[in-house]
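Asks: when you get a sec, could you give me coordinates for this:
(one chain, ligands or ions: 1)
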Amino acid sequence: MRILVTNDDGIEAPGLRALVAALRDIGQVTVVAPDRERSAVSHAITMADPLRAVPCDVDGLPGWAVSGMPADCVLLGVRELMDEPPDLVASGINRGANLGEDVWYSGTVSAAMEGAILGVPSVAFSVANMTGAPEFDYRAAAAWAARLVPLAAAHLPAEVILNVNVPNLPPEQVTACELCRQGRRRYQTTFDKRLDPRGGIYYWLGAELPLDPRDPGTDVTAVREGKVGIVPVSLDLTSQPSLDSFANWLG
Ligand code: MN
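Replies: Numbers count the residues shown, from 1 in each chain. Below you'll find the predicted structure:
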């Protein structure tokens with residue numbers, strides 16, 4: 001199995017190295033990842049600027065450090081850099097949760113979605129640190145990646161990715177997983193309003209922990225209960241119930 005590994009935290013990130021270590025015995029790993037952190041760039045791609053892809057060694061495996069976004073990495077990796085298309089795209093392991101509406105901002109999830117657009121089974125992995133703990137432990141997420149990747153490669157339907165969030169706990173404490181629906185987060189978004197040295201006002205997005213609702217059956221709740229939250233996310237964003245009600249409106 002050929003596996004393209006990417007992320008949004010950059011090619012030097014410990015989470016990417018942990019994912020590579022977890023998957024290198026399962027398949028032939030090629031890393032194509034951003035050359036710097038690109039968190040929260042969502043599904044941006046680079047159109048007006050050149051993309052540089054610098055070949056590099058990633059813990060003894062072939063890699064490219066790309067000047068673009070996570071989605072650029074998957075597109076460039078599949079279309080240009082790899083000799084043959086991958087059998088699976090694995091994105092992560094992200095430093096931080098991608099739960100609920102986080103998926104709209106996440107470069108990690110969008111990289112997997114780009115894999116799905118290209119017809120490749122794809123999975124996004126994130127460590128959900130819900131307490132603001134200073135250290136991220138990637139070991140549990142790495143173990144779950146090794147377990148889930150072969151299943152995803154064999155069974156994922158077209159145009160559906162898996163968004164996997166693993167609690168930031170030691171591996172022996174993360175023994176259960178739950179298939180979930182996408183929940184909601186409740187960010188208490190604030191901005192720091194500051195002055196630059198020349199007296200100009202600027203704003204900096206705050207980093208408060210969200211007060212997430214505890215809806216049963218959601219990824220947010222699963223992770224808060226110490227379980228791996230697995231959400232199948234589809235490329236098709238159509239609201240099926242709205243289709244029916246709009247049809248009634250329109251007559
Ligand atoms: Mn990130």
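Asks: give the contact list for the closest residue in space to Arg184 that isn't next to it in sequence.
Replies: Once flanking residues are discounted, Arg184 sits nearest to Gly100: 4.8 Å by Cβ to Cβ, 6 or more residues apart in numbering. Just so you know, the C-beta spots here come from the backbone N, C-alpha and C atoms, and that holds for glycine as well. By Cβ atoms under 8 Å, 6 or more residues apart in numbering, the contact list for Gly100 reads Gln182, Gly183, Arg184, Arg185, Asp212, Thr218, Asp219, Val220.
Asks: give me that answer again for 7 Å
Replies: The contact partners of Gly100, taken as Cβ atoms under 7 Å, 6 or more residues apart in numbering, are Gln182, Gly183, Arg184, Arg185, Asp219, Val220.
Asks: and of those residues, the nearest to Tyr105?
Replies: Arg185 (10.6 Å; Cβ to Cβ).
Asks: show me which residues of this protein sit near the ion.
Replies: By Cβ under 5 Å from the ion, the residues of the chain that approach the ion are Asp8, Asp9, Ser39, Asn94.
Asks: all strands for the protein, in order.
Replies: Shown for the chain, the strands assigned by DSSP state E span residues 2-6, 28-34, 53-58, 61-66, 88-95, 122-128, 160-167, 177-179, 191-195, 201-205, 228-234.
Asks: buried sites along the third one?
Replies: When neighbours are counted by 16 or more other Cβ atoms under 10 Å, the buried residues of strand 53-58 are found to be Ala53, Val58.
Asks: farthest pair within the residues of the chain next to the ion?
Replies: Ser39 and Asn94 (7.7 Å).
Asks: for the two, list the residues in contact with both.
Replies: Common neighbours of Ser39 and Asn94 (Cβ under 7 Å, 6+ apart) are Asp8, Asp9.
Asks: more crowded one of these two?
Replies: Asn94 (32 against 18; other Cβ atoms under 10 Å).
Asks: surely that one touches Gly107?
Replies: No. With contacts counted by Cβ atoms under 7 Å, Asn94 stays clear of Gly107, the gap being 8.4 Å.
Asks: got any residues that touch both of these two?
Replies: Asp8.
Asks: where's the residue lying closest to Ala145 once chain neighbours are set aside relative to Leu61, distance?
Replies: Counting by Cβ to Cβ, 6+ apart, Ala145 lies nearest to Ala22, which is 4.8 Å off, once chain neighbours are set aside. Counting by Cβ to Cβ, to the nearest Å, the separation of Ala22 from Leu61 is 12 Å.
Asks: and what of Gly92?
Replies: In terms of Cβ to Cβ, Gly92 sits 16 Å off from Leu61.
Asks: which one of these two is surrounded by more residues?
Replies: Gly92 (33 against 16).
Asks: does that one touch Ala128 like I think?
Replies: No. If you go by Cβ under 7 Å, Gly92 and Ala128 don't touch, sitting 11.5 Å apart.
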